[in-house]
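>>> Here's a sequence, model it:
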Amino acid sequence: MNDTPGALAGRRCLITGAASGIGAAIAVAYAREGAVVALADRDEPGLARTLAALPGAEEHTRHVVDLTDPEAVTATVEAVVESHGRIDVLVNCAGILDETPLVEMSLDTWQRMIDVDLTSVFLVCRAVVPRMLAAGGGRVVNVASQLGQKGGAGLTHYCAAKAGVIGFTKALAREVSAKGVLVNAIAPGPISTPLIDGLSARWRREKEAELPLGRFGLAEEVAPTAVLLASDPGGNLYTGQTLGPNSGDVMA
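Numbering: from 1, shown residues only. Purely as a prediction, here's the structure:
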């Protein structure tokens with residue numbers, strides 16, 4: 001038995017989009033590193049599966065919430081603080097993805113993407129960051145996408161939302177870093193999760209052929225970057241940055 005404290009021992013963390021994919025993998029990685037985790041998503045069965053996968057499951061909580069609803073977000077953050085006392089680390093990972101050419105895209109399709117992938121980040125940060133400032137510090141990790149950096153055919157709405165997450169991250173970092181709240185983004189490349197089920201087989205095949213590593217990543221290969229950004233001292237000098245576990249799709 002290894003009694004060495006983990007890199008996130010004692011941290012209280014809220015992770016949105018935790019029902020599957022990258023969010024679930026980050027939750028598992030955080031719990032393994034000693035964090036107490038609050039899981040948030042609209043997918044109740046998925047949250048139950050993630051919770052069951054966490055070591056020390058009785059310490060953690062799950063919260064079913066529509067992250068595009070401002071009042072629901074506020075209530076969820078209050079419930080997390082009531083359960084865990086504080087929020088040291090926030091991971092915004094909720095997202096949707098579908099493939100629609102611009103000339104065929106309805107306003108509803110556009111707006112839904114922006115609401116889920118970008119506005120939810122604003123709403124959750126608006127509810128959590130003031131608490132971090134009052135406490136004298138915290139970490140925010142926003143999950144964007146490499147497509148927000150380079151674009152992707154058939155994905156104008158998704159790329160716009162994820163580019164917005166990157167810009168939001170940089171701006172918020174400039175507002176709050178001097179007060180101890182470090183804000184960063186992760187821009188993964190294509191990752192084999194349920195999220196990409198909304199993309200055509202042709203899109204996935206052509207995308208994989210473009211990648212210098214020649215393959216899509218796994219959610220478990222993204223999670224260590226989120227651990228780094230939340231850790232002390234590992235993440236102490238990162239703020240306003242966008243880290244790219246992306247199979248070489250973007251080289252910066």
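
>>> how about low-confidence regions in this structure?
The chain contains residues with pLDDT under 70 at 1-4.

>>> And the residue lying closest to Glu44 once chain neighbours are set aside, how far from Glu210?
The shortest distance from Glu44 to any non-neighbouring residue, by CB to CB, 6 or more residues apart in numbering, is to Val64 (4.8 Å). C-beta: built from backbone N, CA, C; applies to glycine. The gap separating Val64 from Glu210 is 37 Å, by CB to CB, to the nearest Å.

>>> again, but for Ile87
Applying CB to CB to Ile87 and Glu210 gives a distance of 38 Å.

>>> ok, the two, which is more surrounded?
Set Ile87 next to Glu210 and count neighbours by other CB atoms under 10 Å: Ile87 wins out with 24 against 12.

>>> Give me the secondary structure label for the more buried one.
Ile87 carries the three-state label coil when classified by DSSP: H, G, I helix; E, B strand; the rest coil.

>>> May I ask you to confirm that it is in contact with Glu78?
No. Using CB atoms under 8 Å, Ile87 is not in contact with Glu78; the gap is 10.7 Å.

>>> Just the strands from this structure, written as ranges.
Using DSSP state E, the strands of the chain run over 12-16, 36-41, 61-64, 89-92, 138-143, 181-186, 242-243.

>>> Same list (the ones you listed) but as a markdown table, adding mean neighbour count and distance to Ala52.
Shown next, in a markdown table, are these (neighbours: other CB atoms under 10 Å; distance: least, CB to CB, whole Å):
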| stretch | mean neighbour count | distance to Ala52 |
| --- | --- | --- |
| strand 12-16 | 26 | 15 |
| strand 36-41 | 26 | 11 |
| strand 61-64 | 19 | 10 |
| strand 89-92 | 28 | 19 |
| strand 138-143 | 26 | 22 |
| strand 181-186 | 26 | 25 |
| strand 242-243 | 20 | 29 |
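
>>> The nearest residue to Leu133 once chain neighbours are set aside: how many residues sit nearby?
Closest residue to Leu133 apart from its sequence neighbours, by CB to CB, 6+ apart: Lys179 at 5.5 Å. Number of residues near Lys179 (other CB under 10 Å) recorded here: 13.

>>> One more: Glu58?
By the measure other CB under 10 Å, the count of residues near Glu58 is 7.

>>> now it: how far from Leu51?
10 Å.

>>> go on, Ser145?
Using CB to CB, Ser145 is found at 26 Å from Leu51.

>>> Might one say that Gly34 is in contact with Arg11?
Yes. Between Gly34 and Arg11 there is a contact under CB under 8 Å: 7.4 Å.

>>> Alright, calling it a day.
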